[in-house]
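Colleague: structure for the following, please:
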Amino acid sequence: MKPQKTAIITGAGQGIGLAIAEKLAAQSVNLILNDLEEGLITEACKRISHIHGVSALAVSGDSSSEEVIEAMIQAGVRNFGSIDILVANSGITLFGAFLEYSRADFMEVTRVNQAGTFFLAQAAAKVMKDQPNGGALLFTSSVTAHQSHENLGAYAMSKAAIEMLAKNLVLELAPFKIRVNTIAPGATVTNRTILDPDYEKTWSEITPLGRPASVRDIANAAAFLVSDEAKHITGQTLIIDGGWSSVSPSPYA
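Modeller: Model (predicted):
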């Protein structure tokens, strides 16, 4: 029997992160799950453990903080002896027009999306480099890193940055059998976006495949990229947007 893998997933209390956690749990991967909201992540871990019979441990808090990063890494090493997969999924979106955008908002987006991804990946890679089979890092970017979207300049900039990080890390991490890839979701129906009553209708009309993504669509792609089926794929970004970035009509039109 193949040994069970262990994955750290941030932003896993709901939405895309939770869907990725459920997909990996169904493949018998043990989980360290993080979310800013303690109640959400504790409940997610209980449910996943009950349904899939894997170990799912909750580490709540800001995933970009040094203390929480260390807690996640130690939870994986102490309880399972390895960290085989890291999905750096957590991030924030702060909308705002470029000419009025505040320094405070810009720095917060940069802190969480860029610095949080960078230093969590660094901490996980320090463990993976000493493992015989290395590991897989996966970052969550956005289609806005490829096509402009009104009032998302700072967010798009932060997401483009982590795509370049994934490409750059190939040079340093490939010798340790550590792969680094990125997914770039487009419009996706989540707990947050569904609050907009026009969201699904609008994006269905302007997406070539006729609907926005589901969280399962994104999770299926993520699970492939961190799996052994993708063991010769690294430094890549996979856009998952139903074809929207090929034509890019504005949702505000």
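Colleague: which stretches of the protein form strands?
Modeller: Taking DSSP state E as the test, the strands found in the chain are 6-9, 30-35, 56-60, 85-88, 135-140, 178-185, 188-189, 213-214, 237-240.
Colleague: next, format these as CSV and append mean pLDDT, distance to Gly116 and mean neighbour count.
Modeller: For the C-beta atoms, the positions are set from N, CA and C on the backbone; glycine is no exception. Listed next are the strands of the chain as CSV, based on pLDDT from 0 to 100; distance: least, Cβ to Cβ, whole Å; neighbours: other Cβ atoms under 10 Å:
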stretch, mean pLDDT, distance to Gly116, mean neighbour count
strand 6-9, 98, 13, 29
strand 30-35, 98, 11, 28
strand 56-60, 97, 14, 22
strand 85-88, 98, 7, 30
strand 135-140, 98, 10, 26
strand 178-185, 98, 15, 24
strand 188-189, 94, 20, 21
strand 213-214, 96, 23, 19
strand 237-240, 98, 18, 19
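Colleague: can you name the residues that contact Ser82?
Modeller: Applying Cβ atoms under 8 Å, 6 or more residues apart in numbering to Ser82 gives the contacts Lys5, Thr6, Gly76, Val127, Gln131.
Colleague: please report how far it lies from Met128.
Modeller: 8 Å (Cβ to Cβ, to the nearest Å).
Colleague: go on, Pro175?
Modeller: 12 Å.
Colleague: excluding its backbone neighbours, what's nearest Thr190?
Modeller: Gly15 (4.0 Å; Cβ to Cβ, 6 or more residues apart in numbering).
Colleague: so the one you found touches Asn191, yeah?
Modeller: Yes. With contacts counted by Cβ atoms under 8 Å, Gly15 reaches Asn191, the gap being 5.7 Å.
Colleague: neighbour-wise, which of those two wins?
Modeller: When Gly15 and Asn191 are compared for neighbours, Gly15 comes out ahead with 19 against 12, by other Cβ atoms under 10 Å.
Colleague: and the more buried one, how far from Ser246?
Modeller: Distance from Gly15 to Ser246, by Cβ to Cβ: 25 Å.
Colleague: same question for Asp228.
Modeller: 30 Å.
Colleague: grab the nearest non-local neighbour of Leu209.
Modeller: Gly242 (3.8 Å).
Colleague: and Ile178, what is it in contact with?
Modeller: For Ile178, counting by Cβ under 8 Å, 6+ apart, the contacting residues are Ala125, Met128, Lys129, Gly134, Gly135, Ala136, Leu137, Leu169.
Colleague: list only buried entries from the contacts of Ser82.
Modeller: Lys5, Thr6, Gly76, Val127 (16 or more other Cβ atoms under 10 Å).
Colleague: once you drop chain neighbours, what's closest to the second one?
Modeller: Going back to what we said before, that points to Thr6. Distances taken as Cβ to Cβ, 6+ apart place Phe80 nearest to Thr6, at 4.1 Å, with adjacent residues excluded.
Colleague: residue closest to the middle of this protein?
Modeller: For the chain, the residue nearest the mean C-alpha position is Asn89 (2.2 Å; Cα atoms, centre = their mean).
Colleague: that older thread, same drill for Pro175 and Met128, tell me which one is more crowded.
Modeller: Met128 (24 against 9).
Colleague: please name the nearest non-neighbouring residue to that one.
Modeller: Met128 sits nearest to Gly135 (Cβ to Cβ, 6+ apart), 3.4 Å away.
Colleague: could you measure from that neighbour over to Ala161?
Modeller: For Gly135 relative to Ala161 (Cβ to Cβ), the value is 22 Å.
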